[in-house]
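Asker: quick one: sequence plus predicted model below, questions after.
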Amino acid sequence: MRGYRADTAFDGERRLTGGVLVLVEDSSIVGIEPGLSAAPAGCEVTHFPGTTLLPGLIDTHVHLCGDSSPRALDRLPGLSPSELDDAIEAAKRRTLAVGVTSVRDLGDQEWAVVDRHRGAGDGPTVVASGPPITSLRGHCWSMGGEAAGTAALRQAVRDRSDRGADIVKIMASGGVLTPGTDVLACQFSVEELRAVVEEAHDVGLGVTAHAHGLPAVEQCVAAEVDGIEHCSCLVTGGFRTPPELAAALAAAGIAVCPTLGVASGVEPPPQLKALMEATGATVEGRRGHFGKLYRAGVTLISGGDSGISPGKPHGILPNAVADLTDCGVPTADALTSATSLAAWACGLGERTGRLRAGLDADLLIVDGDPLLDIAALTRVRKVVSRGRDVDIA
C-alpha cells in the first residue's frame, strides 16, 4: 500500500476541507482519509507541502494520431502503421505528463487507436470512436469514415460496434481544416442523424456529433445525440445562442465539449483566420456564447481537440479548463468538467474522475490551489495513472 497526501484536495465534485490522504494498492484507490490522518503501518506516503490533490484529468476530445504539426491531419493517410503507432505513443506520453490520465479519441486513421492502443499498458486510459462517420468528401473524410444514405450510415454504426469502438462520432457539419467543406452547412439530414443515433443506441453505444454551424447544432438536438463537439452555433455574423436552443440542450442533458484551449503565442491556422473574418466570429463572442450555455444549465465538459495543430498540441487540456473560467464558469465547475463530468460523458464514471475507494488510482498533484488560481493546474508535481507513478520529466 502507498499513500499520497496533500494540504488541499478537490475530489472531482467539491473541495475536501483539510486536505486528503489517498491510499492506493496496486491500480486502485483503497481509502480516502482526512489530510492529517496517520497512514497505516508500513505505508510509504508521498507528501509535497503546499500542493493540491485531485483526480487525474480527462481530455474528452483528442486525436492521438495527430502530431500537433501544421499538417497534423493532412499527413495521416501517408503514414505507415508503425509511424501512426509512434505518433500515438508520443501523444500518450505527452498527455500523461500534464496530468491527463484518461482520453477520448474522437477520430483516428483507419482504426489505429481502436485496434491497437486501448489496452492498459503504461499510457492513459483510452476510449475511442475510430474514424468519424462523415459525408462523401466531408470533414475528415480521409480518415476512412465516409458514408452516404441511411442504410450505409446504419451499417457504419454496426461496423463500429463490431470493431469494438466505445462511442460513435459523426460529423454533422463541415470543418475548418478540411478543404471544400462548409463549416456553416449540415452534412446530413436530421433523419439520417436520427438513424445513426437509433442504431447506436440499439447496440449500446453513445453518439457525439461535431457541429459548428447553428443549423447543425439544431439538427443534433432534434436527433437526440448524446454529445456535441464544438457546438459553436455559428452564423454569418458570429456566434448565436438562441435561448430556446440552450434550454433544449440543457433539458436533453446533452454533453457539450466547447474544445477550448489554445497554446499561447501560436497564431491560428490560416483556415481559422479566414473563417473568423468571413463570419465575424471573435474570441470574446465565443466566450460569451459558452457562458450563456453554462448559465442555461447546459452540461459542459472539457476537451482540447488535442493534436490537430501547433495551437492544439497534446497536453493542452489545462488551458481548456482555464478558458472555461474566462467564459464565466466557476472554477469548481470548470474542474468538474475535466474530472467527474468528463468521466461520465466518456463512459468511465465507474472507473475514474473522482477520489473514491474502488476507482482507478488516477491522481494529479499540483503546486498551489487551482480552486483559487486555475493556472496551478499547469504546475504539476506528481501524476499517478492506475496506481503507477508517471515520469513527468
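Answerer: Perfect, thanks for sending it. Numbering: from 1, shown residues only.
Asker: C-alpha from now on. contacts and neighbour counts both.
Answerer: OK.
Asker: how far out from the middle of the chain is stretch 272-287?
Answerer: 22 Å (C-alpha atoms, centre = their mean, to the nearest Å).
Asker: please work out which residues outside it touch it.
Answerer: 176-177, 232, 234-239, 324, 326-327 (C-alpha atoms under 8 Å, 6 or more residues apart in numbering).
Asker: again, only this time at 7 Å
Answerer: Contacts to stretch 272-287, defined as C-alpha atoms under 7 Å, 6 or more residues apart in numbering, come from residues 176, 235-239, 326-327.
Asker: which of those residues are buried, as a PyMOL select command?
Answerer: The PyMOL command for the buried members of those (criterion: 16 or more other C-alpha atoms under 10 Å) is given here:
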select buried, resi 176+235+238+239+326+327
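Asker: list just the nearest of the contacts of stretch 272-287 to Asp389.
Answerer: Nearest to Asp389, judged by C-alpha to C-alpha, of these is Asp326 at 32.0 Å.
Asker: now that closest one. Nearest residue, chain neighbours left out?
Answerer: The shortest distance from Asp326 to any non-neighbouring residue, by C-alpha to C-alpha, 6 or more residues apart in numbering, is to Arg287 (6.9 Å).
Asker: mind putting the contacts of stretch 272-287 into CSV with secondary structure?
Answerer: Converted to CSV, the contacts of stretch 272-287 look like this (DSSP: H, G, I helix; E, B strand; the rest coil):
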residue, secondary structure
Val176, coil
Val235, strand
Thr236, coil
Gly237, coil
Gly238, strand
Phe239, strand
Asp326, helix
Cys327, coil
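Asker: and the contacts of stretch 272-287 as CSV, adding distance to Gly78?
Answerer: Below are the contacts of stretch 272-287 laid out as CSV (distance: C-alpha to C-alpha, whole Å):
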residue, distance to Gly78
Val176, 21
Val235, 35
Thr236, 35
Gly237, 37
Gly238, 35
Phe239, 36
Asp326, 39
Cys327, 39
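Asker: any chance of the contacts of stretch 272-287 in JSON lines, with pLDDT too?
Answerer: Formatted as JSON lines, the contacts of stretch 272-287 follow (pLDDT from 0 to 100):
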{"residue": "Val176", "pLDDT": "93"}
{"residue": "Val235", "pLDDT": "96"}
{"residue": "Thr236", "pLDDT": "94"}
{"residue": "Gly237", "pLDDT": "93"}
{"residue": "Gly238", "pLDDT": "95"}
{"residue": "Phe239", "pLDDT": "96"}
{"residue": "Asp326", "pLDDT": "98"}
{"residue": "Cys327", "pLDDT": "98"}
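Asker: quick check, nearest of the contacts of stretch 272-287 to Val298?
Answerer: Nearest to Val298 among the contacts of stretch 272-287, with distances taken as C-alpha to C-alpha, is Cys327, at 13.3 Å.
Asker: list the contacts of that closest one.
Answerer: Cys327 neighbours (C-alpha under 7 Å, 6+ apart): 287-288, 290-291.
Asker: let's see if you can find the most crowded of those residues.
Answerer: Using other C-alpha atoms under 10 Å as the neighbour test, those are led by Phe290, with 27 neighbours.
Asker: what helix or strand is it on?
Answerer: In the assignment (DSSP states H and E), Phe290 maps to helix 283-295.
Asker: Val197 too?
Answerer: helix 190-202.
Asker: and the very next helix or strand once past the helix holding Phe290, what does it pack onto?
Answerer: Of the helices and strands lying after helix 283-295 in sequence (DSSP H and E), the nearest is strand 299-300. In this structure, strand 299-300 packs against strand 255-257, with contacts taken as 3 or more C-alpha pairs under 7 Å, 6 or more residues apart in numbering; DSSP states H and E.
Asker: direction included, what does the strand it packs on pair up with?
Answerer: Sheet pairing here is set by DSSP bridges, and for strand 255-257 it gives strand 227-235 (parallel), strand 299-300 (parallel).
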